[in-house]
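Undergrad: Here is a sequence with its predicted model. Questions after.
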Amino acid sequence: MQLWSLLLPLALLCTALASGPECGMDERSRRARRDTRHSRQLLYTAPGTCATRLARGRRSTAGLEPGHVPRRRQQREVEDGEESLTPSRALYFSGQGDQLRLKADIELPRDAFTLQVWLKAEGGQRSPAVIAGLYDKCSYTSRDRGWVLGINTVSDQGNRDPRYFFSLKTDRARKVTTIAAHRSYLPNQWVHLAATYDGHLMKLYVNGAQVATSGEQVGSIFSLLTLKCKVLMVGGNALNQNYRGYVEHFSLWRTARSQKEILLDMGQAIHRQDTPLPQLVLQDSLLNVKNTWSPMKDGSSPQSKSSYHHGYLLDTSLEPPLCGQTVCDNTDIIASYNKLPSFRRNKIVRYRVVNLYDDKHQNPTVSQQQIEFQHQHLNEAFSRYNITWELEVLEVKNSSLRHRLILANCDISKIGDENCDPECNHTLTGYDGGDCRHVRHTLFNKKKQNGVCDMDCNYERYNFDGGECCNPEITEVTKTCFDPYSPYRAYLDVNELKNILKLDGSTHLNIFFANSSEEELAGVATWPWDKEALMHLGGIVLNPSFYGIPGHTHTMIHEIGHSLGLYHVFRGISEILSCSDPCMETEPSFETGDLCSDTNPAPKHKLCGDPGPGNDTCGFHSFLNTPFSNFMSYADDDCTNSFTPNQVARMHCYLDLVYQTWQPAKKPAPIAIAPQIVARTPATVTLEWFPPIDGHFFEREVGSACDLCVEGRVLVQYAFSASSPMPCDPSGHWSPREAEGHPDVEQPCKSSVRTWSPNSAVNQHTVPPACPEPQGCYLQLEFRYPLTPESLTVWVTFVSPDWDSSGAVNDIKLLTVSGKNISLGPQNVFCDIPLTIKLDAGQVGEEVYGIQIYTLDEHLEIDAAMLSSVPHSTLCADCKPIQYKVVRDPPFQSGSPVVISNLSRRFVDMELSGSATYTYQVVVVSGAEESEPSPALVYVSGSGYCGDGIIQTDLGEECDDMNKINGDGCSLFCLQELSFNCIDEPSRCYFHDGDGVCEEFEQMTSIKDCGVYTPKGFLDQWASNVSVSHHSDQQCPGWVVIGQPAATQTCRTKVIDLNDGVSQYAWYPCTANFQYSHMAQTIFWLKAYFSTPMVAAAVLVHLVTDGTYYLDQKQETIGVQLFDTKEQSHDLGVHVLSCRNNPLIIPVIHDLSHPFYHTQAVLISFSSQFVAISGVALRSFHNFDPITVSSCQRGQTYSPAEQ
């Protein structure tokens, strides 16, 4: 995975929609109105232009800046003293007419073949993009004859989820077969692809792992008679479906190579060993392209470039879990912080209390006594966890600020918008500009312009008494001016206060004070992964009514917990979107809920004890041993008293990852994973290790760019200034400043207020397009340091469905220091993969300070942009690299640790003897300071290790594929990856779910391979006939529910609409009028009939959608009734629908005091037209046992969702 996505969310929790939070929790967490919601700067610009020139606060954080650079394994610059790497050659295809055609003197395989290629694809491709393909140049009726290896989107929308694919259509076949990889491709990473066909089976391999297979095509690809019609192309095809990126080590065989052989071929390609075998048709190292390949007519040849992509053997990518945000959420990282006390040694952290006074230094917001009392309680709470807070008080003398109401959570653009917003309802906002008051009709015309502020006219509908209540010559405006657009208004948004004060957020945690219309609102915190975390817009906002007051001092402790990366303990129950939310916590876990495995699941409540059952607990009947006394709960001060060890580990991790500049100590961040063995001989062992957790490779120097420099002395920076001629939304959402800094959209491909969009303030009733051709709208981004660029990365996270992947970005221009505008032309973008553009030195040989991104799509959203310099940037030339110190026990023969000073993360120990035990740790050295030692690697000389191809179960290994990389089925820690199965030694891994083979271990879980599982002793009978409430033969026929459900169907939640594709295998009430049925609460129904009436043990309902609409997150329920052979009904009650529990299994409890009945039909009723059902089954016992049936309780019947 590319490093920029390791440390920040690119899809992990949820996107903040304009209509509300997307993930079941606010953009910030809440504490009984202690709100940590996202507080944004509000912009009040006149229509016309919208710009910001705010210093975004350069992130000196890990992974929030240089750490996002794609791993530069292909161009790892060799510093003086580093081991020399022999470069190989690679072709770079620009995607602009430089595809190649194989010359005709090579006979192409027709019965079976294997294609293998190493490649590094750019982010953003045509869809499809052809890497290599066999085409028929004689056929104009069938363009898809032959085979193709390429990249294409697999979703309904053509701008998301692009994957490697392999398609094949033999000359005799009626239709083409396409198989695709199990996940989206990773841009700017070297990957090995292989496609094989043996006359019966198609197989696709990624990095040696089998990821897809199909047996649909049979026989020869083409006959000998059509041989002269066949042409092999690489880098594109005649339709200009061209690929962008590097290609090297291209080989074609006339036989289907086995997985074992492909793994051997990969190793030989890495070591540049040729394999002259008779089955080999073509093995091209691409050193001399003209001998074998020819360009298209009027086309150009791709560039040939040096490649160094096999430098390190250790994959240093560390992904957070699905519900996490950064590397501190990675389970291996946080395990180190949990296990090693040295990582939790005492840290002194600075914080600054901002206390407003009037001009005479009187009337402070909070008293000195409050400050001292709160400080004492703060350190009492944190000091036992080795975190000590150092107080600084900033006294600001400003009567204008002091006499104004500072609002903590009110969007000022909502004041006077004719809707009562409770968070803005305050006497000094005129009760939300009159929106929260019944305004009587007054004699306004008589009082108009009478030189007096008439309070009964001081509402928005009367233009705030014609402006007289905001005239400082007439009235005391700090008490009467409620107009949100007046500079004299009586209130400020807290971000306006922050913008006025502009306090450095990189040296202290800033504490601001603000009020709220809701007295309970006690605090607003900034998450450590927010763009504002180290800016003047970051910090914590507290209610002065609660600050330093006995009984309320834990509020600040709670909010600091959020700033240090802690979630509410009830996140996994009460802050999820639905019961099918993947972050729902059913048991304590590092991967769901609050990401702490020592806090039991709990719902939100304020009691000092375990809660009772509630309506929002997703089937939980009781919660025991809940962390009600935890500081991150909502209980009062007399109850909360502690953090858990996992929470303490998270806070220390974030202090290392993000907040090192808040600490007076200059100690560098540690390496949080033990060094790894990557090679071994009888007398030596080779170690490699991860970079420091904060991603810094050079010593920090005030005023320099060294904290932006990465390995190879490449400077990597995000935009720090943004502007656009488009008007701004009054709320500040979708403004240009949202595209400054690092990417922070949490759920790509869904609209997010954390982006720039030209549509933000466009009148929806405007007839002309908002971004008219030919130029469209544009966003201008500028970078702090002008530099000669090597690459540009742009995160385009939302594109209108009309645009697919092409045309939405119709140009990108580079702005040079010399005044040139260099056009890069139209770009193909995916919303879930960043666009990467390689900038050629011949094309851009001068310094660039900014870019302009043009679009014709008024709904396009841009999250961020990143500019990377050429290697050995002059801005990094004087930076002092960190050093690594390798410590061994027993010590090296010299008696001293080995110091590595050239940024190499590799060491070969040649001082081994016998079968001695050695312990290795790595220390980061920056100047005179040293980090804590890394976790220890223990190695017995001559013994096995993870990566040697032999599975050591005593070391916890589940597989061993002889490498140290993730994503190939066997992780770098020798653990099987999700949905992969690995066999043999060395391990060969394959993606088993959907490979067409039903294996014993997946019988219960894989519908695709094994069909619907029926437990032993039961019989499942599927519906033989169906009647429905809303039927259409063309759009939603009810008969599709008859029989077993389609094996390929997956359940979707939060749907926007249901298209015709769903109706091919599921029924939903498509003929219902959405608006009418929503208002009238229409009841939809489906009745399933069964050919053989049986005594029911359970009813199974297979869902394709669970009824939740993306704008209305309410969970849907269904009512279920059984009808017996006498047409009498038996009610099974109401059941909650959730994709998490699919199929829904409803046990049937029989009353033993009544005769048994035989069920012949099941009636299912519901009220959401977004429920789609693909199958209904009646489960019964083979040998009927009523006693067993009646004793089954909820949760005691078999459910594949629980396996």
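TA: Everything's here; your move.

Undergrad: Can you spell out which helices and strands pack onto the lengthiest helix in the chain?
TA: As assigned by DSSP state H, the longest helix anywhere in the chain is helix 368-382. With contacts defined as 3 or more C-beta pairs under 8 Å, 6 or more residues apart in numbering; DSSP states H and E, helix 368-382 has these neighbours: strand 387-397, helix 554-563. In this view, the C-beta of every residue, glycine as well, is placed from N, C-alpha and C.

Undergrad: again, 10 Å this time
TA: Under the contact criterion of 3 or more C-beta pairs under 10 Å, 6 or more residues apart in numbering; DSSP states H and E, helix 368-382 touches strand 347-357, strand 387-397, helix 554-563.

Undergrad: Make TSV out of these and add mean pLDDT and distance to Ile500.
TA: Output for the helices and strands packed on helix 368-382, formatted as TSV (pLDDT from 0 to 100; distance: least, C-beta to C-beta, whole Å):
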stretch	mean pLDDT	distance to Ile500
strand 347-357	97	11
strand 387-397	97	9
helix 554-563	97	22
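
Undergrad: Please identify the deepest-packed of the ones you listed.
TA: helix 554-563 (a mean of 24; mean count of other C-beta atoms under 10 Å).

Undergrad: sorry, back to before: which one, of the helices and strands packed on helix 368-382, ends up nearest to Lys1016?
TA: Distance to Lys1016, taken as C-beta to C-beta, is lowest for helix 554-563 among the helices and strands packed on helix 368-382, at 49.0 Å.

Undergrad: Quick check: what element follows the closest one along the chain?
TA: helix 571-574 (DSSP states H and E).

Undergrad: what about Thr153, neighbour count?
TA: Residues near Thr153, counting by other C-beta atoms under 10 Å, number 22.

Undergrad: who's in contact with it?
TA: 125, 127-128, 159-163, 165, 180, 184, 804-805, 830, 832 (C-beta atoms under 10 Å, 6 or more residues apart in numbering).

Undergrad: again with Gly1038
TA: By C-beta under 10 Å, 6+ apart, the residues touching Gly1038 are 1023, 1025-1032, 1067, 1086-1088, 1173.

Undergrad: In terms of distance to Lys414, which of the residues you listed ranks first?
TA: Lys414 has its nearest neighbour among those in His1030, at 39.6 Å by C-beta to C-beta.

Undergrad: Figure out the helix or strand that the closest one lives in.
TA: Under the criterion DSSP H and E, no helix or strand holds His1030.

Undergrad: so what's it scoring on pLDDT?
TA: On the pLDDT scale, His1030 is placed at 89.

Undergrad: three-state assignment of the nearest residue to it once chain neighbours are set aside?
TA: Spatial nearest neighbour of His1030, excluding adjacent residues (C-beta to C-beta, 6 or more residues apart in numbering): Pro1069 at 3.8 Å. Three-state call for Pro1069 (DSSP: H, G, I helix; E, B strand; the rest coil): coil.

Undergrad: My read is that Pro1069 contacts Gly1107, right?
TA: No: here Pro1069 does not reach Gly1107: they are 11.1 Å apart, not a contact under C-beta atoms under 10 Å.

Undergrad: what residues are shared contacts of those two?
TA: Counting by C-beta under 10 Å, 6+ apart, the common neighbours of Pro1069 and Gly1107 are Phe1166, Ser1168, Gln1169, Phe1170, Val1171, Ala1172.

Undergrad: circling back: so how far is Ile1164 from the residue nearest to His1030?
TA: Noted for Pro1069: a distance of 12 Å to Ile1164, by C-beta to C-beta, to the nearest Å.

Undergrad: Over to Leu280?
TA: Note on Leu280: its distance to Ile1164, by C-beta to C-beta, is 59 Å.

Undergrad: Which of these two has more residues huddled nearby?
TA: The neighbour comparison of Leu280 against Ile1164 (other C-beta under 10 Å) goes to Ile1164, with 24 against 15.

Undergrad: Would you quantify the distance from the more buried one to Ala1023?
TA: 11 Å.

Undergrad: list the contacts for the nearest residue to Ser1180 once chain neighbours are set aside?
TA: Leaving aside its chain neighbours, Ser1180 sits nearest to Met1094 (4.0 Å; criterion: C-beta to C-beta, 6+ apart). Applying C-beta under 10 Å, 6+ apart, we find Met1094 in contact with Leu1019, Gln1021, His1158, Thr1159, Gln1160, Leu1178, Arg1179, Ser1180, Phe1181, Phe1184.
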